[in-house]
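# Test case, fold it:
(one chain, ligands or ions: 1)
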Amino acid sequence: MALWQCPQCGLEQEARCKPKKCPACDEQVTFEKKQEENGKKSK
Ligand SMILES: [Zn+2]
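Model (predicted):
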């Protein structure tokens with residue numbers, strides 16, 4: 001699972017895939033990946 005954040009309202013959502021729609025904004029936004037499950041930072 002990854003953590004995604006809405007660039008518009010800052011809502012954080014956990015999902016395997018990038019959410020297509022923000023439930024708070026109620027519109028399509030481009031979620032940004034915030035964090036990964038393993039937190040590994042290679043390369
Ligand atoms: Zn939002």
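
# ok, E14 - how many residues close by?
By other C-beta atoms under 10 Å, the residues close to E14 number 12. To be clear about C-beta, it is placed using only N, CA and C from the backbone, and glycine gets the same treatment.

# Mind listing what's buried along stretch 11-19?
L11, Q13, P19 (16 or more other C-beta atoms under 10 Å).

# Ok, stretch 24-40 next?
In stretch 24-40, counting by 16+ other C-beta under 10 Å, buried: V29, F31.

# Which residues does it contact?
By C-beta atoms under 8 Å, 6 or more residues apart in numbering, the residues outside stretch 24-40 that reach it are 1-9, 11-13, 18-22.

# restrict these to those near the ion?
Restricting those to those within reach of the ion (C-beta under 5 Å from the ion) leaves C6, Q8, C9, L11, C22.

# could those residues be laid out in a markdown table, adding distance to F31, secondary structure and pLDDT?
Listed next are the ones next to the ion among the contacts of stretch 24-40 as a markdown table, based on distance: C-beta to C-beta, whole Å; DSSP: H, G, I helix; E, B strand; the rest coil; pLDDT from 0 to 100:
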| residue | distance to F31 | secondary structure | pLDDT |
| --- | --- | --- | --- |
| C6 | 6 | coil | 96 |
| Q8 | 10 | coil | 96 |
| C9 | 11 | coil | 97 |
| L11 | 9 | coil | 96 |
| C22 | 7 | strand | 96 |
